[in-house]
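>>> sequence plus the predicted model coming up.
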Amino acid sequence: MTRSTHLPHPSPDDVRALLSAAGLSAYAAAKNLPIGVSANMLQKALKGERQLSGQAWRLIQITLTQSARDDLPPPIIKGMP
């Protein structure tokens, strides 16, 4: 059985607000983000030339904000931080 969860795509304003709140440019943020999220991708999302996937957006939020990390469920495996 598979479970599908819809994750909304961010608007350019959403991306801009998150980067601004983190005090990062697209290039600085990309250095801290998971593989597959590049500075070029973020620049295009800021310009509205590309839409980030909901999954990429969620990873960016988790990586850059404590509040998104706080919203994560507890680990499934015992003994994991």
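Received, thanks. Note that the structure is a prediction, hence the values are computed from the model and not measured.
>>> so the residue nearest the centre of the chain, which of the three states?
Centroid check for the chain by Cα atoms, centre = their mean gives I60 as the closest residue, at 1.7 Å. Recorded secondary structure, I60: helix (DSSP: H, G, I helix; E, B strand; the rest coil).
>>> look up how far S25 lies from it.
Separation of I60 from S25 (Cβ to Cβ, to the nearest Å): 14 Å. Backbone N, C-alpha and C define where each C-beta goes, glycine included.
>>> and E49, by the same measure?
With Cβ to Cβ as the criterion, E49 and S25 are 17 Å apart.
>>> ok, now A17?
14 Å.
>>> give me the more crowded residue out of the two.
S25 (15 against 12; other Cβ atoms under 10 Å).
>>> how about the more buried one, nearest residue that isn't a chain neighbour?
Spatial nearest neighbour of S25, chain neighbours left out: L19 (6.9 Å); criterion: Cβ to Cβ, 6 or more residues apart in numbering.
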